[in-house]
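1. output the structure for:
(2 chains)
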Amino acid sequence: MHALQVNNISVTYEKQPVLEGVQFNIPEGTLTGIIGPNGAGKSTLIKAILHLIPRLSGEVTVYGKPYKQQRKLIGYVPQRSEVDWDFPTNALDVVLMGRYGHIGMFKRPNKKEVQFAYECLEKVGMKAFANRQISQLSGGQQQRVFLARALAQDAQIYFMDEPFAGVDAATEKAIMKLLQEWKEQGKTVLVVHHDLQTVRDYFDNCLLLNKKPIECGPTEKVFTLNNLEKTYGGAISFLGNSPMLVQKG
Amino acid sequence: MSYDAWILLIGSLVGITCGVTGAILVLRKMAMIADAISHTVLLGIVLAFFVTQSLNGLPMLIGAAIVGVLTAVMVQALDSSGVQSDAAIGVVFTSLFALGVVLISFIGDNVHLDVNHALMGEIAFTPWDTLIINGNSYGPVAVWMLGGVLLFNLTLILLFYKEIKISTFDPAMAISIGVPVMFIHYMLMTMVSFSTVASFDSVGAILVVAMLIVPGATAYLLTDRFGMMLILSGGIGALSAFLGYGMALTFNVSISGSMAVATGLIFTATFMLSPKHGMVAKWLRRKQLQQEQQKVSA
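-> Take a look at the predicted model:
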């Protein structure tokens, strides 16, 4: 069963095409790395799928139904830099926002929801920081709070925009542990990812993207030098088993 | 009620209404749009007068709300078609306001609406403009207008509390879970327009900006909770009214001007002395760190 089917998504920004005819399917229960050079449209793709930005064309189906009917199955973790961390709120409150989609209009989170939010914080090792103002957290801790919020969303498909950017090694490990857990529970995760060296270890599925999809499929089949050269325009070589970006010429 | 009591009540209602609503704008980094709307609603008030030939409260509220939302729509439209967002605000706000100023000169001298009044307001006169139904007086019109708008705003904030909060903190996530962020945006713009019109008679277009922005900016320095910030901001608005009236009586100067000055004074004091974000607290913390470091190295 395909958890996600993306059909012919195109996005332009001031007449410049950013994404052209992007089409791929993601099987249920996979961890997919979205890989490509800067400006390849990786974040844009996620935002277009989630209707955060207008798109020229394209259809998204989630478990065989149109996206809008399946909103509750979707969890989104934006780039950390996209929100205002000086906003007057604490870690627990941010995690509770993950429940807003389930609570419904005009209602407030009840005791059960608060309890659940605490459990989510505990799972990412942040329970002690529940009442901490969010600007007083380190980058890694902020990312963990985002992770706890994603947990609180209790979604089936997660979209994560560069969750490893600027976090410490411990947090990176914590994130990967959680992603593995999700995979075991049959959840599907798509991650915008930069570090080519960890792709093989982290993801069982890959989407290579450079404005158009270059290749999408199981990592061992798709993550090859040939495909990476196509994606990065040749500026790539393998050092042992892991690919390295090299200067061209 | 005595004259002083009415002034204090009206001033506090301005402070609370603008303070609570303005605090949300401060968090959304939309202080400039509040400035714009507070001016362009003049056009709405003048247009409402042309249609109804009276300075009646309800048509004025509707006219102002329409022009206020129109301001927000036009700014958004210019912004998304490539004009710098601060320039977009500048263009829209000055042209609509200027149109209001031009149209106001068509209104005869017998009507109590002129540019000076629109800009500065005059809270000193408001207690005498009473609501009269069937010959019975029900207190100043300003109290009813401000009270009604405050109730309206508070109801919307309570109903859409979650939605306002998440669309302010993380708009992308808000959209992804189906929060109607555009609706929330224009709802807030309507609330700002209403607050401005209701406060117009008392403090005018320029000083209402002080009431919208400064209490929110002050409350931001005092608390780390969203709900608390709204409450504090309203409280600081009311406090400014009391402090301002006291200053006006003492020095025999403009009441609305003093109230706006009071917001500035409270902000300055908070900026220096706030226990968490104040200059003094920051300086003390730095001193303490330095001393600790010296001890370690000694």
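2. what's the nearest residue to A:Leu73 if we skip its chain neighbours?
-> Closest residue to A:Leu73 apart from its sequence neighbours, by CB to CB, 6 or more residues apart in numbering or on different chains: A:Gln156 at 4.1 Å. The way it works is simple: take the backbone N, C-alpha and C, and place the C-beta from them, glycine included.
3. the helix or strand B:Gly257 falls within near chain A anywhere?
-> For B:Gly257, the host element (DSSP states H and E) is helix B:255-273. No - Helix B:255-273 lies out of reach of chain A by CB under 8 Å from any CB of the partner chain, never closer than 14.3 Å.
4. just the buried positions in that helix, please.
-> Neighbour counts using 16 or more other CB atoms under 10 Å in any protein chain shown place B:255-263, B:266-267, B:270 of helix B:255-273 among the buried residues.
5. then stretch A:202-213?
-> Here stretch A:202-213 shows A:202-203, A:205-213 as buried, counting by 16+ other CB under 10 Å.
6. got the contact list for the residue of chain B found nearest chain A?
-> Chain B approaches chain A most closely through B:Ile177 (3.6 Å), counting by CB to the nearest CB. Going by CB atoms under 8 Å, 6 or more residues apart in numbering or on different chains, B:Ile177 touches A:71, A:74, A:76, A:100-101, A:153, B:166.
7. which elements pack onto the helix or strand where A:Val94 lies?
-> Per DSSP H and E: A:Val94 is located in helix A:91-97. Helices and strands touching helix A:91-97, by 3 or more CB pairs under 8 Å, 6 or more residues apart in numbering or on different chains; DSSP states H and E, are helix A:111-123, helix A:139-153, helix B:161-169.
8. right, and the ones you listed - which one's nearest A:Gly41?
-> Ranking the helices and strands packed on helix A:91-97 by proximity to A:Gly41 (CB to CB) places helix A:139-153 first, at 22.4 Å.
9. which other helices and strands contact the helix or strand just after the closest one?
-> Later in the chain than helix A:139-153, the nearest helix or strand by DSSP H and E is strand A:157-161. Of the remaining helices and strands, those touching strand A:157-161 by 3+ CB pairs under 8 Å, 6+ apart are helix A:42-49, strand A:74-77, strand A:188-192.
10. show residues contacting strand A:157-161.
-> A:3-4, A:43, A:46, A:49-50, A:62, A:73-79, A:82, A:150, A:182, A:187-192.
11. please enumerate the helices of the stretch 101-250 of chain B.
-> B:115-120, B:141-159, B:161-169, B:171-176, B:181-222, B:226-251 (DSSP state H, counting those that start in this stretch).
12. need those helices in JSON lines (columns: distance to B:Cys18, mean pLDDT and mean neighbour count).
-> Below are the helices of the stretch 101-250 of chain B laid out as JSON lines (distance: least, CB to CB, whole Å; pLDDT from 0 to 100; neighbours: other CB atoms under 10 Å in any protein chain shown):
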{"stretch": "helix B:115-120", "distance to B:Cys18": "16", "mean pLDDT": "74", "mean neighbour count": "15"}
{"stretch": "helix B:141-159", "distance to B:Cys18": "10", "mean pLDDT": "94", "mean neighbour count": "19"}
{"stretch": "helix B:161-169", "distance to B:Cys18": "17", "mean pLDDT": "95", "mean neighbour count": "22"}
{"stretch": "helix B:171-176", "distance to B:Cys18": "24", "mean pLDDT": "91", "mean neighbour count": "22"}
{"stretch": "helix B:181-222", "distance to B:Cys18": "4", "mean pLDDT": "90", "mean neighbour count": "25"}
{"stretch": "helix B:226-251", "distance to B:Cys18": "6", "mean pLDDT": "96", "mean neighbour count": "21"}
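13. for those, give me JSON lines that also has distance to A:Gly39.
-> Putting these into JSON lines (distance: least, CB to CB, whole Å) gives the following:
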{"stretch": "helix B:115-120", "distance to A:Gly39": "49"}
{"stretch": "helix B:141-159", "distance to A:Gly39": "41"}
{"stretch": "helix B:161-169", "distance to A:Gly39": "28"}
{"stretch": "helix B:171-176", "distance to A:Gly39": "20"}
{"stretch": "helix B:181-222", "distance to A:Gly39": "27"}
{"stretch": "helix B:226-251", "distance to A:Gly39": "36"}
